[in-house]
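> structural data only, the sequence is not supplied:
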């Protein structure tokens, strides 16, 4: 079993998000807690989970006073589609790394793990930490770093996400053809470039290559005036929402 030990503040949100979020749901409902999750960060976490076949153990202070089922519900309201299998024990005055280590002692089935946290208090597990920051939260680069802790070689690929985006790209290209639109050679070249980038994303097994793919998709869409080139605003990118 591969495990992601998950902090929340500074991972699934950042300073800008926290400053601009208006809470609507009544405190302390599950919906209120979920409003503190940045959907873009949750989406990145979903991609990490899918690409590594991992599960989540909550190590965040958000776990205080909550059950595993409540934490699962909060994250699902925020767009999470993974599985929470546990929470680390609450140990007064102990570094978070000791709490994580204690949980691991009771779960020998864990083969690989990584810690996502903006705090470095991981004691002897510091080498397993992918440290985020409250300024940025979880990023593509941090996801790629976390993947290296959990996977090797071909496992380290978000093929499902790439395939979903490529499918959306092809759908729009086909629609243009069916509508009899005049596709210029430049538009076709950029469409082809996007596909080359998608293959590189798979072969290089990295989020960095996927960024190149996303940029090519955005440029092609903007050139063809299909839709707003900001890929994050379009449902066809979100494989988890299509399932």
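Cool, got the structure. Model, not experiment: these values are computed from the prediction.

> the protein: helices as residue ranges?
For the chain, the helices defined by DSSP state H occupy 15-20, 30-34, 39-52, 68-77, 96-105, 140-150, 159-178, 185-204, 207-223, 239-242.

> domains in the protein, as residue ranges please.
2-153, 159-242 (automatic domain parsing).

> quick check: residue 138 touching residue 45?
Yes - contact status for residue 138 versus residue 45: in contact at 6.4 Å, counting by C-beta atoms under 8 Å. Bear in mind the C-beta positions are built from the backbone N, C-alpha and C, glycine included.

> which neighbours do those two have in common?
11-12, 116 (C-beta atoms under 8 Å, 6 or more residues apart in numbering).

> can those residues go into CSV with extra columns for pLDDT?
Putting the shared contacts of residue 138 and residue 45 into CSV (pLDDT from 0 to 100) gives the following:
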residue, pLDDT
11, 98
12, 98
116, 98
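
> so which of those residues is the closest to residue 106?
Top of the list for closeness to residue 106, among the shared contacts of residue 138 and residue 45 and by C-beta to C-beta, is residue 116 at 20.7 Å.

> now the closest one: how far from residue 12?
9 Å (C-beta to C-beta, to the nearest Å).

> go on, residue 77?
The gap separating residue 77 from residue 12 is 12 Å, by C-beta to C-beta.

> ok, back up a step: now the shared contacts of residue 138 and residue 45 as TSV including neighbour count and distance to residue 3?
Output for the shared contacts of residue 138 and residue 45, formatted as TSV (neighbours: other C-beta atoms under 10 Å; distance: C-beta to C-beta, whole Å):
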residue	neighbour count	distance to residue 3
11	27	15
12	28	17
116	27	11
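
> I'm done for today, thanks for sticking with me.
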